[in-house]
Structures are given as C-alpha cells and as structure tokens.
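J.: mind looking at a prediction? Sequence and model below.
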Amino acid sequence: MISVAAPPTVDWAKFHDCPVAPTRVLVVDDHAAVRAGLRQLLADEADFEVVAAVATAEDGIEIAEREPIDVAVIDYQLGGRNGLWLSRKLKRLPEPPAVLIYSAYTDGVLAAAAVVAEADAIVSKGKVGAELCHVVRGVAAGRRELPRLPPRLADSLRRRLGHEEQAIFGMLLAGLEPAEVAMTLGVSPAVLESRLWELLGRLEGLPAASSA
C-alpha cells in the first residue's frame, strides 16, 4: 500500500542547501493503480518532477532516450521485459539515470541480480511512501542502497559461478564501472556486455530458497 509522504524538510535539505532544479523522475509500473499512486506520491514532493509514468520497459526506454531523467523508479515485475532488463538498458544511455527497483520481493537473489543490472537501489513495496522518497533522494545524490547478500547466497554463488563470473560479479559489487571491469579482465566492452547478459540470466534463474 502506498502512503503519502510528509512534505520534504530535513531529508530534502540534506541534499539541497540552495534552490536547484527538481529531481526528474520516471515511473515504470504495469499496474495502473500502483502507477497512478506512485506518480501522485512523487509529484506531491516539492523537489521532484515526474517526467512520465509508463507501463512497459520499452516505453520507459523511449521516454529516457528523449527526455533527461535523474532517477527511474521501476517495478521489477513488468508485463514483458522486467525491471532488471530495463535497468541495464537505461545504464547504457549517454546520460544514464539512477535506477531504483521497486518490488514486492527484495530477497538476496534479486539483490544479486540487481548488482549485475547496475541498479542503484531496491525498495520494498511494503515500505511507506516517505521511505521511497528518501531513497529516491539518496540515489539522485549518488548513493547506492542495495541489500547485503545473505551468507548462504554468497556461498551458493561461489559454487554456481565460474571464476571469471565471480570476478565480474565481485567487481560490480565493489562499484567498478563496466569499462573498468572489461579493462581488468582484458576483454572488449562488447565481450563483457555479452557475459553480463548471460550472468544476469543465470542469477535471475536461481531459486529464491538459495537466498534464505
């Protein structure tokens, strides 16, 4: 359930010591009621401007290609391509936005996959609107807010992934950019891109039980 956040006060002032342009937000959610609720919640904040609220990953890409976006708030479970696919596509734009995945599920498997998708944060749909707004402000300011990987999941990844996959995942988890990862591994950006898509598919295929 989406709650209406309180007017921005201390949290807003932390990142905005003087008047600046509002944070431009894109909302992508395939449920019309949730989409409308998110749009209203964010639009009620003085420091946010909702550029668009759309239903599909493809529509999200189309908007971001022609409009400057600071933060994309994306539902993980979309009708077609999911939110992680959209996150990776958005991060390949010349001026990529920060990406916040908004999901009913925030287990370790999603957190691991979000690292490879280069998402900046995950927020549970069970949280109140004030917390969502807080995280939007945080990622707009350059923070990452991804859940820590549970120990059992970390052990599972070590067993399931090859040495190069572990290296790629570890470097992304440490915050390295893909260009730095490719240089470290001595592969071309195109080769790394292909391996990242393969790795994302493998992580999304892990059973949720492995994150317990």
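T.: Now that the structure is in, tell me what you want to look at. Numbering: from 1, shown residues only.

J.: run the chain-centre distance for the longest helix seen in the chain.
T.: Assignment by DSSP state H gives helix 189-204 as the longest helix of the chain. The chain centre lies 17 Å from the centre of helix 189-204; the measure is CA atoms, centre = their mean, to the nearest Å.

J.: over to stretch 188-195?
T.: 21 Å.

J.: pull the CA atoms of it into CSV?
T.: C-alpha atoms of stretch 188-195 as CSV (Å, rounded to 0.1, in the frame of the first residue of the first chain):
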residue,chain,number,x,y,z
SER,A,188,36.5,-5.9,-25.1
PRO,A,189,33.4,-3.9,-23.9
ALA,A,190,31.3,-6.0,-26.4
VAL,A,191,32.5,-9.3,-24.9
LEU,A,192,31.9,-8.1,-21.4
GLU,A,193,28.4,-6.9,-22.4
SER,A,194,27.5,-10.4,-23.7
ARG,A,195,28.8,-12.0,-20.5
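
J.: need the contact partners of that stretch.
T.: 164-165, 168, 178-179, 181-182, 185, 187 (CB atoms under 8 Å, 6 or more residues apart in numbering). In short, each C-beta sits where N, CA and C put it, glycine included.

J.: could you pull out the buried residues of that stretch?
T.: Within stretch 188-195, the residues that count as buried by 16 or more other CB atoms under 10 Å are 192, 195.

J.: how about stretch 57-65?
T.: If you call a residue buried by 16+ other CB under 10 Å, then stretch 57-65 has these buried ones: 57-61, 63-64.

J.: check stretch 114-126 too.
T.: 114-123, 125.

J.: which ones among the residues you listed are found in helices?
T.: Per DSSP H, the buried residues of stretch 114-126 map to helices at 114-116.

J.: between the buried residues of stretch 114-126, which is closest to Arg35?
T.: Nearest to Arg35 among these, counting by CB to CB, is Lys125 at 12.5 Å.

J.: surely the closest one and Leu100 touch.
T.: No - under the criterion of CB atoms under 8 Å, Lys125 is not in contact with Leu100, lying 11.9 Å apart.

J.: any stretches of this protein with poor pLDDT?
T.: 1-19, 205-212 (pLDDT under 70).

J.: residue boundaries of the strands in it?
T.: 23-28, 48-54, 71-75, 98-103, 121-124 (DSSP state E).

J.: quick check: domain ranges of the protein?
T.: Segmentation of the chain into domains, based on automatic domain parsing, reads 10-140, 151-211.

J.: deepest of these, which one?
T.: Stretch with highest mean neighbour count among these: domain 10-140 (a mean of 19; mean count of other CB atoms under 10 Å).

J.: can you give the distance of it from its chain's centre?
T.: With CA atoms, centre = their mean, you get 7 Å for domain 10-140.

J.: could you number the chain from 770 rather than 1 from now on?
T.: Okay, residue one is now 770; in that scheme the one you just asked about reads as domain 779-909.

J.: state the distance from the nearest residue to Arg917 once chain neighbours are set aside to Leu965.
T.: Counting by CB to CB, 6 or more residues apart in numbering, Ala880 is the residue found nearest to Arg917 once chain neighbours are left out, at 7.6 Å. Computed as CB to CB, to the nearest Å, the Ala880 to Leu965 distance reads 16 Å.

J.: just Gly848 next, same as before
T.: 24 Å.
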